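> Need the 3D shape of this:
(2 chains)
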2 protein chains.
Amino acid sequence: MSFNYTKYINRCFKLARKGAGNVSPNPLVGSVLIKNRKVIGEGWHKKIGEAHAEVDVVKNAKGKVYGSTLYCNLEPCCHTNKKTPPCAPFIIRNKIKKVVISNLDPNPEVNGKGVKRLREVGIEVITGALEDEGNEVNKFYFKFVKEKLPYITLKIAQSVDGKISLSNKEQTWLTGKLSVKYVHKLRSEYDAVLVGAGTIKTDNPLLTVREVKGRNPKRIIIDGKLRIPTESNVIKNAKSTETWMLTSTVSPKKKIEILLKKGVKIFQLQTDKNKRLNIEGVLKELANQEITSVLVEGGSEIFSQFIEKELFDELIILQSPKILGKGIGYYNFKKMKKLQLMDVEKLGNDIKLVYRRNSTHSL
Amino acid sequence: MSFNYTKYINRCFKLARKGAGNVSPNPLVGSVLIKNRKVIGEGWHKKIGEAHAEVDVVKNAKGKVYGSTLYCNLEPCCHTNKKTPPCAPFIIRNKIKKVVISNLDPNPEVNGKGVKRLREVGIEVITGALEDEGNEVNKFYFKFVKEKLPYITLKIAQSVDGKISLSNKEQTWLTGKLSVKYVHKLRSEYDAVLVGAGTIKTDNPLLTVREVKGRNPKRIIIDGKLRIPTESNVIKNAKSTETWMLTSTVSPKKKIEILLKKGVKIFQLQTDKNKRLNIEGVLKELANQEITSVLVEGGSEIFSQFIEKELFDELIILQSPKILGKGIGYYNFKKMKKLQLMDVEKLGNDIKLVYRRNSTHSL
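Presented below is the predicted three-dimensional model:
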């Protein structure tokens, strides 16, 4: 019998993705149980604190799981200092015969130890099945665990000539309905969205998920001097949707008190010599708060800092079919950045371009 | 019997396109002859001065064409003041029974008269079969005949942040091999390429077709003050590849003489109050010279003029996966331009975006 794992591992990815937005800081994990060449169960990690995929799939299985093969996109865990019991002993107890996984869990508490435990009792374990695709599924988790930093995606809506607005003082609506819907979908999957205070002042956005089904992300506002108007939309509904403000240690106490009363969470961080918040410091603080993924939505100065310091992982351009001719771009640095094109898609009259950060080149 | 023209008209388009680059200022025309549901001949207009498609297809036909149906993407001509004899009488003489065409010929000498002539002798004529697609095939010819102006395509290679170069004084190589190949293909199909003198000075391009098979376009250089270095590549091989310089009426006679000796063709035009050549005047002169299509390849000032005055039909962006962060864009105007997205394609790590000019919007 030839062994073809592609179909089942791909199914695991699909199941895993169903947990997107609800399991952070855990990884997305899906699982399929096969016995006598038939699928006898499917499962996935649905919510932080609830059953892992390996447990869920056994719970859902039709018939006895004894002697079956478990497909899973992540190495079963074996550590106990967490909310749910470890999965490797569970697999052993259920007398599963063979385990096929796409990725080892880079979490140092697991990282090969789960596989070792299974092999020690004679379970056949195959690893690295569609590993690259598995890396994509858990790009947030892997970055977070390996680098102790959130995965950063810059989402930039721009004109054909690379402008994000006509000026710093007026809202410029560039993209169409399908792009807006896509952005809401992204928000529903990222732990947090992040903007500068300027974007709040100019656009007064809600930064919530409205055009698709899904939970709202945390809203993070970088505001060194705490200049944000207290009547902003994000402040007005801070009690129903989490709103965090990252500001300097010298921000006015009175304004802080007003914001706290409105339900805003305040983080006071050190500033750099230009009295701006240090972006690296911001990201470390977010990682401390278990934010594994951040969608950066503007504006020009925030984008420029992330690009210049190469602190982003992904760049999503939503390009409108307009030429502004004048206006604000998102750059202010000397060194050219080279990207890797990952994906292109037409969204109505707009174009979605997905880039990953690559090595830095001088021309 | 149901009547389905799609297949044969699409074949006509394909045959027609084989003439691209070689029939201007004539239209691209392909033709198929059908008898007893079988293709008995195919033909196309191959070269200016040679047989029209309708004649070519009959010449190539296997068996007698009597009683057959002629498919053609353009109305057969009926006028005699030109290089080849008219096609409508030829069709009648050959006793073709039915004619299916996609587009009427907007040339006022034809424009419905060809169809009328056929119908008068009892030939069944169907018009408007895949008319929109036919408009695409002959977009150069239709613009030229209707507006007495060449079809203008701006080809802009740019970074993600909308820059075309790092500065006006250094060549910036942005796009990859596949994009270069695509540009050479475009050149082989346009009557002419057009650049400003600045582009010649900075990049010293050849503007020829090298990466694909095809003939070179005419090279048109806008140089109001005739500042172009006489050792430029385009000047050095002006005797083998046509090179036209459009300059002002006050350009130095001595330089003109040098250039004429090197094989350059000189056109002296009136300048506007800023002592710049008037772009509308340039295009009218090119139309006088029977240039039906122009690929504008740079630089910043030339692009900006065409965009500001809305004198382009198509905009092809070749977007490199680089962020320059500083540099030169291609804009200098106040009114936003709205475009229509026509096509998107991945060219290696670059993206090709094809836009058409649309109505002008203010935000």
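> A:K14 in helix, strand or coil?
helix (DSSP: H, G, I helix; E, B strand; the rest coil).
> quick one: A:I123 from chain B, how far?
To chain B, A:I123 is 43 Å away according to Cβ to the nearest Cβ, to the nearest Å. The C-beta positions use only the backbone N, C-alpha and C, and glycine is treated the same way.
> what's around that residue, how many residues?
If you count neighbours by other Cβ atoms under 10 Å in any protein chain shown, A:I123 ends up with 19.
> check contacts around it.
By Cβ atoms under 8 Å, 6 or more residues apart in numbering or on different chains, the contact set of A:I123 is A:I91, A:I92, A:I96, A:K97, A:K98, A:V99.
> Are any of those buried, and if so which?
Buried members of the contacts of A:I123, scored by 16 or more other Cβ atoms under 10 Å in any protein chain shown, are A:I91, A:I92, A:I96, A:K98, A:V99.
> Save these as TSV, and put in pLDDT too.
Below are the buried ones among the contacts of A:I123 laid out as TSV (pLDDT from 0 to 100):
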residue	pLDDT
A:I91	95
A:I92	95
A:I96	96
A:K98	97
A:V99	97
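> Which of those residues sits closest to chain B?
Top of the list for closeness to chain B, among those and by Cβ to the nearest Cβ, is A:V99 at 37.4 Å.
> The closest one falls within a strand, correct?
Yes: the assignment for A:V99, made by three-state DSSP, places it in a strand.
> Just give the nearest non-adjacent residue to A:Y8, would you?
Once flanking residues are discounted, A:Y8 sits nearest to A:Y71: 4.1 Å by Cβ to Cβ, 6 or more residues apart in numbering or on different chains.
> which residues touch the one you found?
By Cβ under 8 Å, 6+ apart, the neighbours of A:Y71 are A:Y5, A:Y8, A:I9, A:R11, A:C12, A:S31, A:V32, A:L33, A:I34, A:V100, A:I101, A:A129.
> how about the helix or strand where the third one lies: buried residues?
Take DSSP states H and E as the rule and A:I9 turns out to sit in helix A:6-17. Neighbour-count burial for helix A:6-17, counted by 16+ other Cβ under 10 Å, picks out A:Y8, A:I9, A:N10, A:R11, A:C12, A:F13, A:L15, A:A16.
> just stretch A:336-346 next, same as before
For stretch A:336-346, burial by neighbour count (16+ other Cβ under 10 Å) applies to A:M336, A:K337, A:K338, A:L339, A:L341, A:V344.
> One more: stretch A:310-330?
Buried residues in stretch A:310-330, counted by 16+ other Cβ under 10 Å: A:311-325, A:327-330.
> and the closest residue to A:K62 other than its chain neighbours, how many neighbours does it have?
Distances taken as Cβ to Cβ, 6+ apart place A:I40 nearest to A:K62, at 5.3 Å, with adjacent residues excluded. Residues near A:I40, counting by other Cβ under 10 Å, number 19.
> Likewise for A:N81?
Neighbourhood size, A:N81 [other Cβ under 10 Å]: 6.
> element containing the residue nearest to A:Y8, please.
Secondary structure (DSSP H and E) places A:Y71 in strand A:69-74.
> So stretch A:173-184, near chain B or not?
Yes: counting by Cβ under 8 Å from any Cβ of the partner chain, chain B is contacted by stretch A:173-184 at A:W173.
> Nearest to B:K59 among the buried residues of helix A:6-17?
A:N10 (56.0 Å; Cβ to Cβ).
> Now do A:Q289 against chain B, distance only.
Here the criterion is Cβ to the nearest Cβ. By it, A:Q289 lies 29 Å from chain B.
> Which pLDDT value goes with that residue?
The per-residue pLDDT reported for A:Q289 equals 98.
> Show the contacting residues for A:P76.
A:H52, A:E54, A:P86, A:C87, A:A88, A:F90, A:I91, A:V99, A:I101, A:G114, A:L118.
> Tell me if I'm right that the first one and A:H45 touch.
What that stands for is A:H52. Yes: the criterion here is Cβ atoms under 8 Å, and A:H52 meets it with A:H45 at 5.4 Å.
> joint contacts of those two?
By Cβ under 8 Å, 6+ apart, A:H52 and A:H45 have these common neighbours: A:V29.
> Please, where are all the helices along the stretch 1-150 of chain A?
A:6-17, A:53-60, A:87-93, A:113-120, A:131-137, A:139-147 (DSSP state H, counting those that start in this stretch).
> Close to chain B: what parts of the stretch 51-200 of chain A are there?
Going by Cβ under 8 Å from any Cβ, the residues of the stretch 51-200 of chain A near chain B are A:Q158, A:S159, A:V160, A:D161, A:G162, A:K163, A:L166, A:T172, A:W173.
> Domain map for chain A?
A:6-138, A:148-360 (automatic domain parsing).
> thought A:T153 was touching A:Y190?
Yes: counting by Cβ under 8 Å, A:Y190 is a contact partner of A:T153 at 7.1 Å.
> Can you pull the residues that touch both of the two?
Common contacts of A:T153 and A:Y190, defined by Cβ under 8 Å, 6+ apart, comprise A:S293, A:V294, A:L295.
> By neighbour count, which of those wins?
Using other Cβ under 10 Å as the neighbour test, the shared contacts of A:T153 and A:Y190 are led by A:V294, with 28 neighbours.
> just to revisit the earlier point, CSV please, covering the contacts of A:I123 and showing distance to A:T241.
Shown next, in CSV, are the contacts of A:I123 (distance: Cβ to Cβ, whole Å):
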residue, distance to A:T241
A:I91, 39
A:I92, 43
A:I96, 42
A:K97, 47
A:K98, 45
A:V99, 40
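> and those, which two are the farthest apart?
Maximum distance among the contacts of A:I123 (Cβ to Cβ): 12.6 Å, for A:I92 and A:K98.
> what residue ranges in chain A are flagged as low confidence?
Counting by pLDDT under 70, chain A shows low-confidence ranges at A:1-3, A:358-363.
> Go ahead and flag the most central residue of it.
Nearest to the geometric centre of chain A sits A:S293, at 3.4 Å (Cα atoms, centre = their mean).
> my guess is it contacts A:R187, does it?
No: contact between A:S293 and A:R187 fails when scored by Cβ under 8 Å: they sit 10.8 Å apart.
> could you measure the residue of the stretch 151-300 of chain A found nearest chain B against B:G325, distance?
At 2.3 Å from chain B, A:G162 is the closest residue in the stretch 151-300 of chain A, using Cβ to the nearest Cβ. Per Cβ to Cβ, to the nearest Å, A:G162 is found 11 Å from B:G325.
> list residues touching both of the two?
Shared contacts of A:G162 and B:G325, defined by Cβ under 8 Å, 6+ apart, are found at B:D161.
> before we move on, the earlier item: from the contacts of A:P76, which single one is nearest chain B?
Using Cβ to the nearest Cβ, A:I101 comes nearest to chain B of the contacts of A:P76, at 31.9 Å.
> Tell me the secondary structure at A:I235.
Following three-state DSSP, A:I235 is assigned to helix.
> quick one on the thing from earlier: between the contacts of A:Y71, which sits nearest chain B?
The nearest member of the contacts of A:Y71 to chain B, counting by Cβ to the nearest Cβ, is A:I9 at 26.4 Å.
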